[in-house]
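Student: Predicted structure and sequence below. I'll ask about it afterward.
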Amino acid sequence: MPKAVVVSETGGPEVLTLTDVPERDPGPGEVRVAVAAAGVNYIDTYQRSGLYPLPLPLVLGNEGAGRVTAVGEGVTAVSPGERVAWTGALGGYAQEAVVPQNALVRVPDGVDDELAAAVLLQGLTAHYLVASLYPVQQGDTVLVHAAAGGVGLLLTQLASARGARVIATVSTEEKADLARGAGAFEVINYAEEDFVQRTEEITGGAGVAAVYDGVGKTTFDGSLAVLRPRGVLALFGASSGPVPPVDPQRLNAAGSVFLTRPTLAHYIATPDELRWRTEELFGAIAAGTLSVRIGHRYPLADARRAHEDLQGRRTTGKLLLIP
């Protein structure tokens, strides 16, 4: 029987349990994949804790990569033996996963399984943020919070490649070096400096065109304060906790700014959009113009430690589980 990390009750990392699960044949429109690597993401901690409620028991893991071992009725997009990756479907924390074919993309020869599993959720998130939500233009100045994290490093690279001056916030000097290596124009160590004051100094009081904020509660007020008039605050995560309710009048007072709380699913809602974003990411990786930092690899049995490290902000780059 294959093994999987199962959540039977919501709670802290201690509820993650490695156990045997029955092998499942794929149903109509489904594909069974032998998982080579699974990504660990903050959304997994929200689902584990119950912040994002899901039916229990469940196998966590919103992205992964591996090789197709069986296909269900009506599957035409992929065949057994092909390498694939996916995001937006649960079940990655396992030796085998059954995934809807519409969530799958083929992995090209120039991208290995670990890179494919590492880049999809965070890479697609970074892509829609800079290419669609606020399309970064040459000469823009933007602020990226947690710039040494998995999304942050990709955001910094993609925004810089589009001609932006990226102001990056980090918590340590090691992370500052990573952000600079990803192309950050200026780096603010928020453990030592006030990022609002420093951003005002860097921009000469003009503010930034956009703030990409995956931190949430502890950064929200400051993020709003550093926007230029009609700037965009993209609140795409809440690693420090959810933001309390906001009076819309604050957006007026801040300069007729825009606040959005996006989710990836709405930016890969069609096969064509998923394919476009994925091909751009995989193409950049294969060409060597986009670097994906894998911060740590854990066996399935250490899923609890992976969650503890992620929530304890002891990590940089992408965390992977290796079945």
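Tutor: On my side now, so go ahead. Everything quoted here is computed from the prediction, not taken from an experiment.
Student: A147 contacts S171, doesn't it?
Tutor: No. Contact criterion C-beta atoms under 8 Å: A147 and S171 do not qualify, at 10.1 Å. Yep, even glycine has a C-beta here, placed from its N, CA and C like the rest.
Student: more neighbours, these two?
Tutor: A147 (28 against 14; other C-beta atoms under 10 Å).
Student: Report the contact partners of that one.
Tutor: 153, 155-156, 166, 168-170, 175, 178-179, 182, 184, 187 (C-beta atoms under 8 Å, 6 or more residues apart in numbering).
Student: Kindly report the same for P28.
Tutor: Neighbouring residues of P28 by C-beta under 8 Å, 6+ apart: 72-74.
Student: just the buried members of these?
Tutor: G72 (16 or more other C-beta atoms under 10 Å).
Student: now the contacts of P28 as JSON lines including distance to R297, pLDDT and secondary structure?
Tutor: Output for the contacts of P28, formatted as JSON lines (distance: C-beta to C-beta, whole Å; pLDDT from 0 to 100; DSSP: H, G, I helix; E, B strand; the rest coil):
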{"residue": "G72", "distance to R297": "31", "pLDDT": "95", "secondary structure": "coil"}
{"residue": "E73", "distance to R297": "35", "pLDDT": "95", "secondary structure": "coil"}
{"residue": "G74", "distance to R297": "35", "pLDDT": "95", "secondary structure": "coil"}
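Student: for the contacts of P28, which one is nearest L90?
Tutor: G72 (17.0 Å; C-beta to C-beta).
Student: Among the contacts of A147, name the ones in strands.
Tutor: Applying DSSP state E to the contacts of A147, the entries found in strands are 166, 168-170, 187.
Student: Would you check which pair of the residues you listed lies furthest apart?
Tutor: Across the ones in strands among the contacts of A147 (C-beta to C-beta), the longest gap, 11.9 Å, separates V166 and V170.
Student: Next, the buried residues of the longest strand along the chain.
Tutor: Ranked by residue count and defined by DSSP E, the top strand of the chain is strand 30-40. Buried residues in strand 30-40, counting neighbours by 16+ other C-beta under 10 Å, are found at 30-33, 35-40.
Student: Turn those residues into a markdown table, including pLDDT and distance to H296.
Tutor: Compiled in a markdown table, the buried residues of strand 30-40 are given as follows (pLDDT from 0 to 100; distance: C-beta to C-beta, whole Å):
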| residue | pLDDT | distance to H296 |
| --- | --- | --- |
| E30 | 96 | 31 |
| V31 | 97 | 28 |
| R32 | 98 | 27 |
| V33 | 98 | 23 |
| V35 | 98 | 18 |
| A36 | 98 | 16 |
| A37 | 98 | 12 |
| A38 | 97 | 13 |
| G39 | 96 | 12 |
| V40 | 95 | 9 |
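Student: Reformat those residues as a markdown table; add distance to V21.
Tutor: Below are those laid out as a markdown table (distance: C-beta to C-beta, whole Å):
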| residue | distance to V21 |
| --- | --- |
| E30 | 16 |
| V31 | 17 |
| R32 | 13 |
| V33 | 14 |
| V35 | 12 |
| A36 | 18 |
| A37 | 19 |
| A38 | 14 |
| G39 | 20 |
| V40 | 19 |
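Student: can you tell me which of those residues lies nearest to A209?
Tutor: G39 (29.4 Å).
Student: tell me the contacts of the nearest residue to that closest one once chain neighbours are set aside?
Tutor: Counting by C-beta to C-beta, 6 or more residues apart in numbering, E63 is the residue found nearest to G39 once chain neighbours are left out, at 4.2 Å. Contacts for E63 (C-beta under 8 Å, 6+ apart) come out as 38-39, 41, 85-88, 92, 117, 120-121.
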